[in-house]
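J.: Give me a model of this one.
(one chain, ligands or ions: 1)
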Amino acid sequence: MGMNAIWQREGPRRALITGASSGIGEAFARLLAEEGWDLVLVARNEEELHRVAGVVHAQHQATAHVLPADLSRPESIAALASRLQQRNLMPDVLINNAGFGLMGAATVLPREEQLRIIDVNVRAVIDLTLRLLPHMQRQQAGGVLNVASLAGLMPGPGMAAYHASKAALISFSEALAEEMRPHGVQVSALCPGPVKTRFQERAGMRSSLLVRLLPASRPARVARAGWQGFKEGRVVIMPGLFAAFTAISTRFVPRLLLRRINARLTGVHQHAARHAVNTAHLPPARQEPSAAEPASTKSRQERQAD
Ligand SMILES: NC(=O)c1ccc[n+]([C@@H]2O[C@H](COP(=O)([O-])OP(=O)(O)OC[C@H]3O[C@@H](n4cnc5c(N)ncnc54)[C@H](OP(=O)(O)O)[C@@H]3O)[C@@H](O)[C@H]2O)c1
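T.: A predicted model of the protein is given here:
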């Protein structure tokens, strides 16, 4: 077990888990409740959060507060932070687990949806972390566990924004881990491979080779391995053999090959060929000047400035 004072602390300890309404987040909620932690559960689906709160209360008499929030919206993160202050619910440990991905060619998937991946997987994580870390630093205990992904260790054609978001999360976690080290605060990134949750369906990747070929872990196992690694003070945590093996391979396999393999697994080139490029966000295509109209007399520079 790491040196973190939180593991020795007597009395109630509280963890905030984002994305606690299903999958890995729900598994974390069950696991921490079993170990006697108080919980603050965050996600959009209030009904599902109450279901999870009910389960952990029934099974472990755990106190679980339900605070619904849409983490893709900066203002709801600010509102969440002030509710935590007002209700005296500042957590000792923050588990940034909420996140999602989308499979498809970057020029086909809607731009707004791809940006929302960054909002939830990166912006919300950094925002919430920066708001809650000072409390942990003052206590000289506790920390932040970010649920990243193996995706963050390699470029992902067919899931470009998702891979980029998880790469950012791993980098942010590693840097903060070092910054927080003298303050007795732990920061870690958990990097699971495929996990059996709603993630694949939401990402539109159920029929991809990636899902059909790669082994998927159960969320309870991933949460347990993540929590154990966090307790041991590990900064980048690979839950299980497949994750550890893949992580090591990414260091030796050339990036070009990793890109080609991932393009195959996501079928991105076929996706691009089957679908029209998404131009919803573009202004209408400019008409080529017809023979009847005189060609523009603007200089080349003026035209470029248009
Ligand atoms: N499953 C995998 O194969 C896999 C592999 C590696 C990493 N991960 C990562 O693991 C984390 C958990 O995913 P999961 O596999 O457990 O999938 P999941 O079952 O779909 O859970 C995702 C959670 O994130 C929440 N969420 C999504 N958008 C949100 C928003 N705008 N605001 C607040 N909460 C939001 C969802 O709750 P609501 O819908 O109620 O808001 C849900 O609780 C994600 O960060 C994912 O990237 C998953």
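
J.: contacts and neighbour counts: CA atoms only from here.
T.: Noted.

J.: Name the residues of the stretch 101-250 of the chain found near the ligand, please.
T.: Along the stretch 101-250 of the chain, the residues adjacent to the ligand under the rule C-alpha under 6 Å from any ligand atom are 120, 147-149, 192-199.

J.: Tell me which helix or strand residue 189 sits in.
T.: Per DSSP states H and E, residue 189 falls inside strand 186-190.

J.: immediately after that strand, which helix or strand?
T.: By DSSP H and E, the next helix or strand past strand 186-190 is helix 199-203.

J.: picking that back up, could you name the helices and strands sitting against the strand holding residue 189?
T.: For strand 186-190, the elements it packs on are strand 143-147, helix 160-180, helix 219-231, strand 236-237, judged by 3 or more C-alpha pairs under 8 Å, 6 or more residues apart in numbering; DSSP states H and E.

J.: Restricting to C-alpha, output that strand in PDB.
T.: The C-alpha trace of strand 186-190 is given here as PDB (Å, rounded to 0.1, in the frame of the first residue of the first chain):
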ATOM      1  CA  GLN A 186      -1.900  10.400  -5.400                       C
ATOM      2  CA  VAL A 187      -2.800  11.000  -9.100                       C
ATOM      3  CA  SER A 188      -3.100   7.900 -11.400                       C
ATOM      4  CA  ALA A 189      -4.400   7.000 -14.800                       C
ATOM      5  CA  LEU A 190      -6.100   3.600 -15.300                       C
END
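
J.: Just the buried residues of the residues of the stretch 101-250 of the chain next to the ligand.
T.: Neighbour counting with 16 or more other C-alpha atoms under 10 Å marks 120, 147-149, 192-195, 199 as buried within those.

J.: Is the closest residue to residue 70 other than its chain neighbours part of a helix or strand, or is it coil?
T.: Closest residue to residue 70 apart from its sequence neighbours, by C-alpha to C-alpha, 6 or more residues apart in numbering: residue 44 at 5.2 Å. Classification of residue 44 using DSSP: H, G, I helix; E, B strand; the rest coil returns coil.

J.: Report pLDDT for residue 44.
T.: For residue 44, the pLDDT comes out at 98.

J.: That one contacts residue 69, doesn't it?
T.: Yes. At 5.1 Å, residue 44 counts as touching residue 69 under the criterion of C-alpha atoms under 8 Å.

J.: For this structure, give me the ranges with low pLDDT.
T.: 1-2, 286-306 (pLDDT under 70).

J.: Could I get the full set of strands for it?
T.: Taking DSSP state E as the criterion, the chain carries its strands at 14-18, 38-42, 64-66, 93-96, 143-147, 186-190, 236-237.

J.: Distance to residue 80 added to these, as JSON lines?
T.: Formatted as JSON lines, the strands of the chain follow (distance: least, C-alpha to C-alpha, whole Å):
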{"stretch": "strand 14-18", "distance to residue 80": "11"}
{"stretch": "strand 38-42", "distance to residue 80": "9"}
{"stretch": "strand 64-66", "distance to residue 80": "11"}
{"stretch": "strand 93-96", "distance to residue 80": "13"}
{"stretch": "strand 143-147", "distance to residue 80": "17"}
{"stretch": "strand 186-190", "distance to residue 80": "21"}
{"stretch": "strand 236-237", "distance to residue 80": "27"}
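
J.: Of these, flag the one that's most buried.
T.: Ranked by mean neighbour count, the strands of the chain are led by strand 186-190 with a mean of 30 (mean count of other C-alpha atoms under 10 Å).

J.: so that strand versus helix 219-231, what angle?
T.: Angle, strand 186-190 to helix 219-231, by axes from the mean of the first three to the mean of the last three C-alpha atoms, to 10 degrees: 150 degrees.
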